[in-house]
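Novice: what shape does this take:
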Amino acid sequence: RTKVPWSSTSYRSPAFLFQPKQRFSLLEEVSAEYSAPMSWQDKGAVPSFCCPGRPAETERFLQTFQPEVLPNRWKRFWMVMTENNKVLTETSLQHVSMVFRSEPEWEIVEPLLDFGWRIRKQYFSIKSKSDTKRKYVLSWMALGPDQHLNEKDLTSAVKLLGSLQHPYIQPVSMSCVSSNGGLVIYDYSESGTLRDILCNTKPRLPFLKKYGNPKSHNAFELSKIRVFGHQILIALKFLHDRGFYHGSIHSGNAVISGGKCKILDIFNGIQGVPCLLRPYFIQIKKIQTVENIDVYCFGHLLYEMTFGAPLFATTCDNLPNSCAPELRSVILSILSKEALRNGVPSISDLLQHPFFGHAAGEVEKVHFKVPTQLKESLKKMRELIEARLKEEQKSIRHSKRISKVQAQLSSEDEKKKRSHERRKKHNLEVSSNASGERSETSTPTGVSSNTNGDLPASTPIPPPPLPCLLGTLMLPTVPLLRPPCQLLFQILQVGAEQLF
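Specialist: Take a look at the predicted model:
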């Protein structure tokens with residue numbers, strides 16, 4: 001069974017990509033050997049050769065959709081989502097069962113397959129034996145490449161965040177961590193996340209069916225954008241002021257509960273998992289700190305709440321005229337090319353922006369004390385994360401420079417090749433014109449039709465005699481078609497005979 005390596009762009013690996021954008025709403029799983037028949041929801045768009053008996057034609061058919069699928073953020077991979085997903089689900093279930101041996105209160109109901117976008121994050125529906133009517137969602141996620149805390153500090157951080165009670169952070173029913181991964185239990189939200197509200201979908205449906213090609217997009221009102229954005233910024237500032245950071249804020253990590261917007265998955269940062277938007281901000285030189293990452297992700301979330309659809313681009317300079325001026329100013333201060341060239345604002349700067357100033361209100365004071373040793377460990381972790389980010393950005397810039405030089409060299413070679421072809425063509429034209437002129441001034445054997453009949457057509461008119469001091473040199477008539485050297489030699493020879 002193929003192992004899935006950790007990578008910042010593992011969800012964008014170049015495999016056979018399903019769920020073509022704007023073409024099909026859902027493509028069912030297909031085995032690697034094409035042994036199962038392909039079932040499409042939109043059968044009218046599938047040609048007759050797309051069948052398991054002809055894998056070569058099916059492969060070419062799927063390859064034609066790659067240019068349309070690659071720009072889409074949500075994709076599905078037949079190998080990863082069939083073989084590895086089963087293995088990861090079984091492995092996660094084993095780890096969760098080991099944890100529940102010491103926690104007899106909880107009971108697993110069923111696994112929630114295809115519930116999220118991460119490959120190494122599995123979801124389960126669970127219930128409490130003391131309250132069977134209440135629904136909970138358990139997530140198990142393996143540790144990522146940016147996890148730099150030792151086991152003691154990691155356990156302390158997870159326990160501390162699990163006990164956090166903040167008005168704009170979703171409370172956790174249970175949380176624990178080990179060397180294999182982290183476990184978090186949340187209350188199940190019937191309304192779903194912000195993304196479910198924006199896409200008008202049911203939370204329990206599979207991920208691709210909900211977000212791959214949603215039937216509608218619902219944008220929030222300006223007042224809700226102001227209030228929800230302000231609440232998210234307050235929650236992010238609370239984490240950053242105490243040494244933590246979110247690391248992957250997006251519409252799927254926020255819920256509406258009691259009229260308040262609360263963020264989820266605050267354990268992403270300390271577990272070191274890659275961000276959803278990492279392929280975007282890794283290309284931006286000015287995104288150098290974990291706070292810059294959270295601000296950039298917040299800009300994408302603000303864009304999605306404003307227009308109802310996510311931004312599938314690194315930057316955004318043009319917004320519709322319907323966007324409010326103050327909201328436009330906030331979005332462009334984060335996502336415009338000029339802002340990303342000069343540096344994104346801090347969380348404190350965004351909270352002081354006039355757009356969020358109207359939503360300012362009293363915030364409950366939360367008691368949350370972080371031990372000194374954990375603060376130092378979190379600081380070192382942030383430095384290591386930022387150093388890795390800078391190294392990857394440096395390697396990407398180096399690759400772009402090499403590609404640019406190669407493109408210039410190839411263009412110069414093409415210019416030289418075209419210039420050589422033009423010279424060659426010009427020489428051929430000159431030679432063909434010269435041969436045409438010679439053929440007009442001479443004829444092959446025979447005599448041309450001459451009405452006077454005085455001179456043969458092959459004999460040209462002799463040149464006038466050359467003047468000389470000793471007399472006039474009488475030269476014989478010489479055909480003009482002889483080579484110049486031979487003609488000159490005959491002239492000198494005849495002249496010498498007449499002189500001596």
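
Novice: find the nearest non-adjacent residue to residue 262, please.
Specialist: In space, and not counting its chain neighbours, residue 262 is closest to residue 170: 4.3 Å by CB to CB, 6 or more residues apart in numbering. Where C-beta positions appear, they are placed from N, C-alpha and C, glycine not excepted.

Novice: next one: residue 115
Specialist: Sequence neighbours aside, residue 123 is the residue nearest to residue 115 in space, at 4.0 Å (criterion: CB to CB, 6+ apart).

Novice: who touches residue 318 in this structure?
Specialist: Under the criterion of CB atoms under 8 Å, 6 or more residues apart in numbering, the contact list for residue 318 is empty.

Novice: gap between it and residue 407?
Specialist: Using CB to CB, to the nearest Å, one obtains 27 Å as the distance from residue 318 to residue 407.

Novice: which secondary structure state does residue 137 sit in?
Specialist: strand (DSSP: H, G, I helix; E, B strand; the rest coil).

Novice: quick check: mean pLDDT of the one helix or strand residue 88 maps to?
Specialist: Per DSSP states H and E, residue 88 falls inside helix 85-100. Within the predicted structure, the mean pLDDT of helix 85-100 is 87.

Novice: residues in contact with the helix or strand following that helix?
Specialist: Per DSSP H and E, helix 85-100 leads on to strand 106-112 as the next helix or strand towards the C-terminus. By CB under 8 Å, 6+ apart, the residues outside strand 106-112 that reach it are 89, 93, 96-97, 100, 122-129, 136-138, 174, 185, 204.

Novice: of the residues you listed, just the buried ones, ChimeraX syntax please.
Specialist: Selecting the buried subset of those in ChimeraX, with 16 or more other CB atoms under 10 Å as the burial test, is done by:
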select :89,96,100,122,123,124,125,126,127,128,136,137,138,174,185
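
Novice: my guess is residue 183 contacts residue 162, does it?
Specialist: No: under the criterion of CB atoms under 8 Å, residue 183 makes no contact with residue 162, lying 10.1 Å away.

Novice: in terms of neighbours, single out the busier of the two.
Specialist: Counted by other CB atoms under 10 Å, residue 183 and residue 162 do not tie: residue 183 has more neighbours, with 25 against 18.

Novice: for the more buried one, phi and psi?
Specialist: Backbone torsions for residue 183, taken as degrees, to the nearest 10, come to phi -120, psi 130.

Novice: what mean pLDDT does the host helix or strand of residue 402 have?
Specialist: Element membership for residue 402, per DSSP H and E: helix 372-441. This predicted structure assigns helix 372-441 an average pLDDT of 85.

Novice: with stretch 322-330 instead?
Specialist: Summarised as a single mean, pLDDT over stretch 322-330 is 93.

Novice: and for it, what's in contact with it?
Specialist: The set of residues external to stretch 322-330 that reach it, using CB under 8 Å, 6+ apart, is 222, 225-226, 229, 302, 306, 319, 331, 350, 353-356.

Novice: make it 10 Å
Specialist: 219, 222, 225-226, 229, 298-299, 302-303, 305-307, 319-321, 331-332, 345, 350, 353-358 (CB atoms under 10 Å, 6 or more residues apart in numbering).

Novice: of the residues you listed, just the buried ones, PyMOL syntax please.
Specialist: Applying 16+ other CB under 10 Å to those, the buried members can be selected in PyMOL as follows:
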select buried, resi 225+226+229+298+299+302+303+305+306+307+319+331+332+345+350+353+355+356
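
Novice: which of the contacts of stretch 322-330 fall in helices?
Specialist: Judged by DSSP state H, those include 222, 225-226, 229, 298-299, 302-303, 305-307, 331-332, 350, 354-357 as members of helices.

Novice: send over the helix holding residue 88 as PDB, restricted to the C-alpha atoms.
Specialist: Only the C-alpha atoms of helix 85-100 are listed here, as PDB (Å, rounded to 0.1, in the frame of the first residue of the first chain):
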ATOM      1  CA  ASN A  85      -8.200   6.500   3.000                       C
ATOM      2  CA  LYS A  86      -9.200   3.100   4.200                       C
ATOM      3  CA  VAL A  87      -5.900   2.400   5.800                       C
ATOM      4  CA  LEU A  88      -5.800   5.800   7.500                       C
ATOM      5  CA  THR A  89      -9.400   5.400   8.800                       C
ATOM      6  CA  GLU A  90      -8.500   2.000  10.200                       C
ATOM      7  CA  THR A  91      -5.400   3.300  11.800                       C
ATOM      8  CA  SER A  92      -7.200   6.300  13.300                       C
ATOM      9  CA  LEU A  93      -9.900   4.100  14.600                       C
ATOM     10  CA  GLN A  94      -7.300   2.000  16.400                       C
ATOM     11  CA  HIS A  95      -5.700   5.100  18.000                       C
ATOM     12  CA  VAL A  96      -9.100   6.400  19.100                       C
ATOM     13  CA  SER A  97     -10.100   3.100  20.600                       C
ATOM     14  CA  MET A  98      -6.800   3.100  22.600                       C
ATOM     15  CA  VAL A  99      -7.700   6.500  24.000                       C
ATOM     16  CA  PHE A 100     -11.200   5.500  24.900                       C
END
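
Novice: from residue 277, how far off is the closest residue in space to residue 343 that isn't next to it in sequence?
Specialist: Counting by CB to CB, 6+ apart, the nearest residue to residue 343 once its immediate chain neighbours are dropped is residue 286, at 4.7 Å. Residue 286 sits 15 Å away from residue 277, taking CB to CB as the criterion.

Novice: what of residue 417?
Specialist: Taking CB to CB, one finds residue 417 at 42 Å from residue 277.

Novice: for residue 144, what is the enclosing helix or strand?
Specialist: Counting by DSSP H and E, residue 144 is part of no helix or strand.

Novice: let me see the contact set for it.
Specialist: Going by CB under 10 Å, 6+ apart, residue 144 touches 6, 8, 118, 120, 181, 247, 268-275.

Novice: do you have the strands of the stretch 201-350 of the chain handy? List them.
Specialist: Across the stretch 201-350 of the chain, reading from the start of the chain, the strands by DSSP state E, counting those that start in this stretch fall at 254-257, 260-263.

Novice: hmm, back to that, which of residue 286 and residue 277 has more neighbours?
Specialist: For residue 286 versus residue 277, neighbours defined as other CB under 10 Å are more numerous around residue 277 (22 against 15).

Novice: doesn't residue 248 make contact with the more buried one?
Specialist: Yes: with the criterion set as CB atoms under 10 Å, residue 277 and residue 248 qualify as a contacting pair; they are 7.9 Å apart.

Novice: who touches both of those two?
Specialist: When contacts are counted by CB under 10 Å, 6+ apart, residue 277 and residue 248 are jointly contacted by 293, 297.

Novice: in the protein, where is pLDDT below threshold?
Specialist: Under the criterion pLDDT under 70, the flagged ranges of the chain are 1-55, 58, 61-62, 65-84, 360-362, 436-500.

Novice: so which residue is dead centre in it?
Specialist: For the chain, the residue nearest the mean C-alpha position is residue 279 (5.7 Å; CA atoms, centre = their mean).

Novice: I'd say that residue and residue 313 touch.
Specialist: No: using CB under 10 Å, residue 279 and residue 313 do not qualify as a contacting pair, with a distance of 11.2 Å.

Novice: give me the number of residues near residue 107?
Specialist: Other residues lying near residue 107 total 12 when counted by other CB under 10 Å.
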